[in-house]
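Participant: coords please:
(4 chains)
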Protein chains: 2
Amino acid sequence: MNQTFSITDLAREFDVTPRSLRHYEDEGLLSPQRAGQQRIYSNRDRVRVALILRGKSVGFSLAEIREIIDLYDLPQGEELQAQVLRAKLSRRRAQLQQQKADIDHMLAELDAIENRITTDNPRS
Amino acid sequence: MNQTFSITDLAREFDVTPRSLRHYEDEGLLSPQRAGQQRIYSNRDRVRVALILRGKSVGFSLAEIREIIDLYDLPQGEELQAQVLRAKLSRRRAQLQQQKADIDHMLAELDAIENRITTDNPRS
DNA sequence: GGTTACCTTTACGTTAACGTAAAGCTCGGT
DNA sequence: ACCGAGCTTTACGTTAACGTAAAGGTAACC
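Facilitator: Model (predicted):
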């Protein structure tokens, strides 16, 4: 459970380059421990990489992903902060729902295309 | 039904700049008619703009969107083409399904965050 | 102890998707 | 005849997300 990973370990697993992982770190999306110079990624870091890549796959910029990640590290603050957080969460949710709707729309269009092919060309 | 639109008409409606619409045309995603120099967008063009923006919102590049649009204009070809088209459609569908799964995963993570806030801070 | 395999930082290069002038046509109104 | 509104092309600038050397540290293996 307390497994650790090198940068190429994670790069291979997620099919990205080490450069990308360092870049995500530069942008504040990761902060792995160090053994001297070397980066040591924990399981928690690994999960975060997965989150980053999921975010990218649905069209989020690194800045947006960072904002989402920052929601994780609750500032342990006052009630006022919680309201702000809830508002941010709400906006993100709405955005994601909209994207799902867009995806459904595109899936429907693909179906329409396929139907045209099948109608024009039933035996293929 | 045979309504037409100027470039700023569409730009305003979809909240993009005229420059973007011209850029989509440069990339082969649109080809509006001309009245002399002026671009005249048809209803069909308008629908296409909507498709382009949906594609963008879910993280597709203009090149990918172009590929999808090209599926619309079936080359009226032989059976072999239909097989190829079906394969492409299938891959796109799989990609979109994966994105939906990614979105659901992120929504679940937002829920987890919200639960932590509520647990830590029930009265806010 | 030298080579090989990974790791590091620094820094300039690249691509996509536009932004942003600059300079000019065109048409309806005064 | 002139003006402003809206259109055009051409072309250089910008930002994000890395790619790609270059130059060097370290640890294990022969």
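
Participant: residues from chain A in reach of DNA strand D?
Facilitator: Neighbours of DNA strand D within chain A, by Cβ under 7 Å from any atom of the strand: A:16-17, A:19-20, A:23-24, A:27, A:36-37, A:56, A:61-63. In this view, the C-beta of every residue, glycine as well, is placed from N, C-alpha and C.

Participant: Looking at the residues you listed, which two lie furthest apart in space?
Facilitator: Across the residues of chain A next to DNA strand D, the longest distance by Cβ to Cβ is 32.6 Å; it joins A:Gly36 and A:Ser61.

Participant: Neighbour count for those two, which is higher?
Facilitator: When A:Gly36 is set against A:Ser61 and neighbours are counted by other Cβ atoms under 10 Å in any protein chain shown, the residue ahead is A:Ser61, at 12 against 5.

Participant: residues from chain A in reach of chain B?
Facilitator: Proximity of chain A to chain B, by Cβ under 8 Å from any Cβ of the partner chain, involves residues A:51, A:54-60, A:68, A:71-72, A:74, A:79, A:82-83, A:85-86, A:89, A:92-93, A:96, A:98-100, A:102-103, A:105-107, A:109-110, A:113-114, A:116-117, A:120-121, A:123-124.

Participant: So which residue is dead centre in chain A?
Facilitator: Centroid-nearest residue in chain A, with Cα atoms, centre = their mean: A:Gly55, separated by 2.3 Å.

Participant: In contact with it, which residues?
Facilitator: Neighbouring residues of A:Gly55 by Cβ atoms under 8 Å, 6 or more residues apart in numbering or on different chains: A:64-65, A:68, B:106.

Participant: Is the helix or strand encompassing it positioned near DNA strand C?
Facilitator: Following DSSP states H and E, one finds A:Gly55 within helix A:43-57. No. Helix A:43-57 does not reach DNA strand C (Cβ under 7 Å from any atom of the strand); its nearest approach is 11.8 Å.

Participant: and the next helix or strand after that helix, what other elements does it pack with?
Facilitator: Following helix A:43-57 in sequence order, the next helix or strand is helix A:62-72 (DSSP H and E). The contact analysis (3 or more Cβ pairs under 8 Å, 6 or more residues apart in numbering or on different chains; DSSP states H and E) places helix A:62-72 against helix A:43-57, helix A:79-120, helix B:79-120.

Participant: What is the neighbour count of the closest residue to A:Gln38 other than its chain neighbours?
Facilitator: Computed as Cβ to Cβ, 6 or more residues apart in numbering or on different chains, the closest residue to A:Gln38 that is not its neighbour in sequence is A:Ser6, at 7.4 Å. A:Ser6 has 15 neighbours, counted by other Cβ under 10 Å.

Participant: do the same with A:Leu51
Facilitator: Using other Cβ under 10 Å, A:Leu51 has 19 other residues around it.

Participant: Next, the contact list for whatever residue of chain A ends up closest to chain B, please.
Facilitator: Closest residue of chain A to chain B, Cβ to the nearest Cβ: A:Gly59 (2.6 Å). A:Gly59 makes contacts with A:99, B:56-60, as judged by Cβ under 8 Å, 6+ apart.

Participant: what separates it from B:Gly36, distance-wise?
Facilitator: As judged by Cβ to Cβ, to the nearest Å, A:Gly59 and B:Gly36 stand 38 Å apart.

Participant: contacting residues for A:His14?
Facilitator: Careful, residue A:14 is Phe; it's not His. The contact partners of A:Phe14, by Cβ under 8 Å, 6+ apart, come to A:49-50, A:53.
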